[in-house]
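Engineer: Could you look at this predicted model? Sequence included:
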Amino acid sequence: MEFLKVVRSMAAELGWPVAMMFVCHRVLETVSGSRARLLPYVFVAQPFGQETAALRPDAAVWVGRLLAGDELVAQIPRAPEVLSARWDAGNLCYAASVGGVLAGQIWLQRGTVDDDEVRCRYRLPAATAVWDFDLWVAPRFRLGRTMARLWRHVDVAMLTEGVQWSFSRISMYNSGSIKSHARLGATPTRRAVFLLLGPLQVMWSDGRPRLAVSWGLRGRPTLDLTPPR
């Protein structure tokens with residue numbers, strides 16, 4: 001009964017096509033032991049330079065770029081080898097702390113991005129866009145201004161470097177994330193659906209390539225992401 005409530009709620013917020021994909025996804029996961037999944041994504045572009053609301057200074061809050069050797073790194077809830085790989089790849093980490101306690105983080109990447117959930121590559125305008133991922137805010141700070149302070153700092157830092165857009169992918173099943181990105185001015189630019197059946201992956205998208213079939217790590221499709229006009 002609880003699952004039916006979730007499906008009805010999703011249908012009311014996101015439409016029945018998304019709700020039915022979610023049902024198929026859960027059935028595939030259950031019968032395959034998570035080896036089969038149906039993952040629909042929407043890719044959004046968020047402009048920098050749109051932040052206008054004033055934030056009152058708080059002496060207890062620190063916001064800035066984290067480097068690999070900083071003390072706060074030990075509080076990031078990610079495996080050390082994962083973090084090392086991100087820094088080795090040239091990714092940037094920005095974080096916020098309150099009284100020395102990590103409150104939130106966000107990672108940025110330029111150029112070409114390999115997805116860590118499906119077998120797909122995203123190509124961005126390297127000079128003017130970044131890919132933001134792994135946005136995390138500690139539960140105790142989610143009702144405060146942590147996210148706004150963190151994004152404001154990133155906004156200023158990227159504009160200084162001539163970056164105009166931030167891209168990210170959102171699961172179509174995640175209505176909360178879709179709404180929060182929309183409030184920040186994000187615009188949908190592309191959509192793609194991935195069907196994973198063990199080593200087999202089938203992708204449909206609303207741009208080129210429309211259809212891509214791959215086996216294992218072979219034939220990884222590339223999606224070009226461009227800012228909205």
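Structural biologist: Looks like it came in fine.
Engineer: When you work out contacts or count neighbours from here on, use the C-alpha atoms and nothing else.
Structural biologist: Fine.
Engineer: show me the contacts for residue 188.
Structural biologist: Contact analysis of residue 188 by Cα atoms under 8 Å, 6 or more residues apart in numbering lists 42-45.
Engineer: For my notes, please list those in a markdown table and give distance to residue 206 for each entry.
Structural biologist: What follows is the contacts of residue 188, written out as a markdown table (distance: Cα to Cα, whole Å):
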| residue | distance to residue 206 |
| --- | --- |
| 42 | 10 |
| 43 | 11 |
| 44 | 14 |
| 45 | 16 |
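Engineer: who wins for neighbours among those residues?
Structural biologist: Highest neighbour count within the contacts of residue 188, by other Cα atoms under 10 Å: residue 45, with 27 neighbours.
Engineer: Could you check the pLDDT of it?
Structural biologist: At residue 45, the model reports a pLDDT of 94.
Engineer: Looks like it contacts residue 228 (just checking).
Structural biologist: Yes - Residue 45 lies in contact with residue 228 (Cα atoms under 8 Å); the separation is 7.3 Å.
Engineer: overlap in contacts of those two?
Structural biologist: 187, 189.
Engineer: Secondary structure element for the closest residue in space to residue 34 that isn't next to it in sequence, which one?
Structural biologist: Counting by Cα to Cα, 6 or more residues apart in numbering, residue 28 is the residue found nearest to residue 34 once chain neighbours are left out, at 7.3 Å. Assigned by DSSP states H and E, residue 28 falls within helix 16-32.
Engineer: what about that helix, average pLDDT?
Structural biologist: Average pLDDT, helix 16-32: 91.
Engineer: Following that helix in sequence, what is the next regular element?
Structural biologist: Assigned by DSSP H and E, the successor of helix 16-32 is strand 36-47.
Engineer: returning to that earlier point: help me confirm that the residue nearest to residue 34 comes into contact with residue 37.
Structural biologist: Yes - using Cα under 8 Å, residue 28 is in contact with residue 37, at 5.7 Å.
Engineer: Please say which of those two ends up with more neighbours.
Structural biologist: Applying other Cα under 10 Å to residue 28 and residue 37 shows that residue 37 carries more neighbours, namely 23 against 19.
Engineer: before we move on, the earlier item: name the nearest of the contacts of residue 188 relative to residue 198.
Structural biologist: Relative to residue 198, the closest of the contacts of residue 188 is residue 42; by Cα to Cα it sits at 22.9 Å.
Engineer: show me what contacts the closest one?
Structural biologist: 169-172, 188-192.
Engineer: one more time with 10 Å, if that's ok
Structural biologist: Residues in contact with residue 42 (Cα atoms under 10 Å, 6 or more residues apart in numbering) are 168-173, 178, 187-193, 205.
Engineer: In helices, which of those fall?
Structural biologist: residue 178 (DSSP state H).
Engineer: out of the contacts of residue 42, which are buried?
Structural biologist: Those of the contacts of residue 42 that meet the buried threshold are 168-173, 178, 187-193, 205, by 16 or more other Cα atoms under 10 Å.
Engineer: what are the ranges of the helices in the protein?
Structural biologist: 2-14, 16-32, 80-88, 146-160, 175-183.
Engineer: between those, which gets nearest to residue 118?
Structural biologist: Between residue 118 and these, the tightest spacing by Cα to Cα is seen for helix 16-32, at 14.2 Å.
Engineer: Would you mind listing the residues touching both of residue 28 and residue 37?
Structural biologist: 22, 195-197.
Engineer: which one of those residues sits closest to residue 142?
Structural biologist: With Cα to Cα as the yardstick, the closest approach to residue 142 among these comes from residue 22, at 26.3 Å.
Engineer: check contacts around that closest one.
Structural biologist: The contact partners of residue 22, taken as Cα under 10 Å, 6+ apart, are 6-7, 10-11, 16, 28, 37-40, 172-173.
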